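>>> no sequence for this one, just the structure:
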């Protein structure tokens, strides 16, 4: 897939009318001291959707990169997330994130994990609803919420989440959860979209990469994009960033999509949201 200059990243319209670039750039596990440089590279490559979290401890670097880029604030979509240990004090946590980012508002704010053992996520959501009503955040959503967590949240709230950010890749697709989220009007966003690298090694993926003259990552990202899923790959390498962005040009056939979907193995790479209870503090 030869590279050209202009890349038109499609957008997904959320349930409140806000548009989010479908292909974004994630900074999970990016060291704080390297974040500004890496995010500046991502912005230069053409990314306009940056996904961070308070727990990543690199919000300041994200904000510094956006400020240094000279790109107007309204042209960059910023997502950050509420730490598990701050669910009882979400409003203050949000303001700390805004201060760290050096911005006046956030585009999307997510509850990072449900942590059902705490029993606080509905209370936290009500605080997010207030921030949303006050216009301090353009959209609110959740991350790692399973079906029963969504049911509990919706039973005690007024605003339907705009997004559910969950682990999705061909070997772990969470098809039922994705379908439920979409049926409720909740956009699905995939983290670990390459299976933390493991899915790149699948023979089906390598074969398709050879057929298209593409990278294995482009094949996997093309699979996500074709399903309407928002996706946030990460890379510290500027050439790889550009390669990943080129995946928006790739169109897989229905048969090829089916071959990739057939890789499902139920192999979760991250923590199980039903049990995860790390404080992130």
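Yes, it's here. This structure is a prediction, so every number in the text was calculated from the model and none was measured.
>>> The residue lying farthest from the centre of the chain: which element?
In the chain, counting by CA atoms, centre = their mean, residue 211 sits farthest out from the average C-alpha position, at 28.5 Å. Per DSSP states H and E: residue 211 is located in helix 203-212.
>>> Just want the angle from the next helix or strand after that helix to helix 203-212.
For helix 203-212, the succeeding helix or strand toward the C-terminus, using DSSP H and E, is helix 216-226. Relative orientation of helix 216-226 versus helix 203-212 (axes from the mean of the first three to the mean of the last three CA atoms, to 10 degrees): 100 degrees.
>>> quick one on the thing from earlier: for the helix holding residue 211, packing partners?
In terms of contacts (3 or more CB pairs under 8 Å, 6 or more residues apart in numbering; DSSP states H and E), helix 203-212 is packed against helix 216-226, helix 254-261. Every residue, glycine included, has its C-beta placed from N, CA and C.
>>> Can you give me the buried ones in that helix?
204-205, 208-209, 212 (16 or more other CB atoms under 10 Å).
>>> of all those residues, which comes closest to residue 83?
Proximity of those to residue 83 (CB to CB) peaks at residue 205, which lies at 34.3 Å.
>>> Once you drop chain neighbours, what's closest to the closest one?
Nearest residue to residue 205 in three dimensions, chain neighbours excluded: residue 216, at 4.8 Å (CB to CB, 6 or more residues apart in numbering).
>>> That neighbour contacts residue 206, correct?
Yes: in terms of CB atoms under 8 Å, residue 216 counts as a neighbour of residue 206; the distance is 6.0 Å.
>>> What strand or helix carries the nearest residue to residue 127 once chain neighbours are set aside?
The spatially closest residue to residue 127, leaving aside those adjacent along the chain, is residue 90, at 3.9 Å (CB to CB, 6+ apart). For residue 90, the host element (DSSP H and E) is helix 90-101.
>>> helices and strands around that helix, which ones?
Contacts defined by 3+ CB pairs under 8 Å, 6+ apart place helix 90-101 against helix 59-69, strand 77-82, strand 106-111, helix 121-133.
>>> Which residues are in contact with residue 174?
Applying CB atoms under 8 Å, 6 or more residues apart in numbering, we find residue 174 in contact with 166-168.
>>> per-residue confidence at it?
Residue 174 carries a pLDDT value of 98.
>>> Give me the phi and psi for it.
phi 50, psi 50 (degrees, to the nearest 10).
>>> from the chain's centre, how far out does the host helix or strand of residue 176 sit?
Remark: residue 176 resides in helix 175-183, with elements defined by DSSP H and E. Chain-centre distance of helix 175-183: 16 Å, with CA atoms, centre = their mean, to the nearest Å.
>>> What pairs with the helix or strand following it, parallel or antiparallel?
Next helix or strand after helix 175-183 toward the C-terminus (DSSP H and E): strand 187-191. Note on strand 187-191: by DSSP bridges, its sheet partners are strand 163-167 (parallel), strand 230-231 (parallel).
>>> To residue 281, which of these lies closest?
Nearest to residue 281, of all these, is strand 163-167, at 20.4 Å by CB to CB.
>>> For the helices and strands packed on helix 90-101, could you give me TSV that also reports mean neighbour count and mean pLDDT?
TSV is the format used below for the helices and strands packed on helix 90-101 (neighbours: other CB atoms under 10 Å; pLDDT from 0 to 100):
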stretch	mean neighbour count	mean pLDDT
helix 59-69	21	98
strand 77-82	26	98
strand 106-111	26	98
helix 121-133	19	98
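>>> This completes my enquiry, with thanks.
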